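Novice: let's see this in three dimensions:
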Amino acid sequence: MLEEVILENSDEQIAKLYGPAARAADNPETGIEIKKKAAYYVIRDCATITRKYLALHVWGTYNDPVIDLKGKFTSNEVKDFITRSKNDPEAKLLKKLMVSDIKEKYEVIQSSTSSTTFSYEVDKEDIYSYYEEYEEGLDDSVATGDEEEEALTDDQLLLKYLF
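Specialist: Have a look, this model is predicted:
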């Protein structure tokens, strides 16, 4: 599982909490005596949340998770994760964070280094000339000069940057 790779490659002590959290979620009384019934549910629920969101937290502890984890995932792990993220809310949230990090750190840099120039000078006689292109059926998207990168879906970005 992709989340396990994130945890296994982390130096953070908290990343090792997944196994104990899984055991505590299954049996909150493991290793302790619970004297108050409510404590059972607090332990169970805290362990369940830890198990579900620990990989998300640990992803954020890497200096640059995309670089640090590049090549550590198999193609099948990434594809399985993409499939699970369609129905699993925890995987979906992690995927959003991962894609956001990739776009923020890598896609924006690539787009900003393209050599597209735009003149903001307006013809003094026809202040509407810039908007005439809308009448010709052109869309309002702005070209960045890096169309191939913009055409990548979120799933393709994950495969490109993690595998």
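
Novice: so what pLDDT did the nearest residue to residue 64 once chain neighbours are set aside get?
Specialist: Nearest residue to residue 64, sequence neighbours excluded (C-beta to C-beta, 6 or more residues apart in numbering): residue 105, at 7.0 Å. Quick note: C-beta positions are derived from backbone N, CA and C, even for glycine. Looking at residue 105, its pLDDT reads 85.

Novice: quick check: mean pLDDT of the longest helix seen in the chain?
Specialist: Longest helix in the chain by number of residues (criterion: DSSP state H): helix 37-61. Taken as a whole, helix 37-61 carries a mean pLDDT of 95.

Novice: what's near enough to touch residue 12?
Specialist: Listed by C-beta atoms under 8 Å, 6 or more residues apart in numbering, the contact set of residue 12 reads 58, 61.

Novice: apply 10 Å and report the result again.
Specialist: Neighbouring residues of residue 12 by C-beta atoms under 10 Å, 6 or more residues apart in numbering: 54, 57-58, 61-62.

Novice: tell me the SS of residue 98?
Specialist: helix (DSSP: H, G, I helix; E, B strand; the rest coil).

Novice: so it sits against residue 106, correct?
Specialist: No. Using C-beta atoms under 10 Å, residue 98 is not in contact with residue 106; the gap is 11.6 Å.

Novice: mind listing what the residue nearest the centre of the chain touches?
Specialist: What sits nearest the mean C-alpha location of the chain, by C-alpha atoms, centre = their mean, is residue 98, with 1.7 Å. Counting by C-beta under 10 Å, 6+ apart, residue 98 touches 2, 6, 56, 59, 65-66, 69, 78, 81, 85, 154, 157-158, 161-162.

Novice: tell me which of the residues you listed fall in helices.
Specialist: Among those, DSSP H puts 2, 6, 56, 59, 65-66, 69, 78, 81, 154, 157-158, 161-162 in helices.

Novice: okay, those in a markdown table with neighbour count and distance to residue 46 next?
Specialist: Shown next, in a markdown table, are the ones in helices among the contacts of residue 98 (neighbours: other C-beta atoms under 10 Å; distance: C-beta to C-beta, whole Å):
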| residue | neighbour count | distance to residue 46 |
| --- | --- | --- |
| 2 | 26 | 24 |
| 6 | 26 | 20 |
| 56 | 17 | 16 |
| 59 | 20 | 20 |
| 65 | 22 | 25 |
| 66 | 17 | 30 |
| 69 | 19 | 27 |
| 78 | 20 | 30 |
| 81 | 22 | 25 |
| 154 | 15 | 31 |
| 157 | 18 | 33 |
| 158 | 23 | 30 |
| 161 | 23 | 33 |
| 162 | 22 | 30 |
